[in-house]
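Coordinates only, no sequence provided:
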């Protein structure tokens, strides 16, 4: 009788182990775990960027770091890598304040985008453009100086 109880106990243990392993094998692993979902990380980078006076054939004509306030229009060009399917923004910032934000849908592994800003003459000082991913994270920031024009010589 003791052997029968022992065999029954072993059979129950084996059955429980089989059920447990079947549940593990059938677990839904398609959903991210809490640790994965909480990372909020999106891949991608800015490979190149430039402030420029014009963009021709999807390329900046010249890279500038300073613009005279007798000119009122500037472009910001950025080449994005590894951001396919994301929505990325150019956020134009002056004196710590967002002056404009333009969104782009990235359609390929290498994607070139540009935005432009019309500046008022008295908005001199440092201007920045932050490249923002769809999670609201700053991926890259670049800046230029908007300076007072030299007085015309007589």
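Received it, and whenever you're ready, just let me know what you need. Everything quoted here is computed from the prediction, not taken from an experiment. Residues are numbered from 1 along each chain as shown.

rest of the way, CA atoms for contacts and neighbours
Fine.

Give me the distance between the two termini of stretch 118-127.
The straight-line separation of the ends of stretch 118-127 (CA to CA, to the nearest Å) is 12 Å.

What are the buried residues along that stretch?
For stretch 118-127, a neighbour-count test (16 or more other CA atoms under 10 Å) marks 124, 127 as buried.

Let me see the mean pLDDT of that stretch.
Across stretch 118-127, the average pLDDT comes to 97.

Quick check: what element follows the strand or helix carrying residue 131 along the chain?
For residue 131, the enclosing helix or strand under DSSP states H and E is strand 125-132. For strand 125-132, the following helix or strand on the C-terminal side (DSSP H and E) is strand 138-147.

which helices and strands does that following strand pack with?
Applying 3 or more CA pairs under 8 Å, 6 or more residues apart in numbering; DSSP states H and E, one finds that strand 138-147 makes contact with strand 45-52, strand 66-68, strand 125-132.

Adding distance to residue 111, write those out as a markdown table.
As requested, the helices and strands packed on strand 138-147 are exported to a markdown table (distance: least, CA to CA, whole Å):
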| stretch | distance to residue 111 |
| --- | --- |
| strand 45-52 | 10 |
| strand 66-68 | 26 |
| strand 125-132 | 13 |
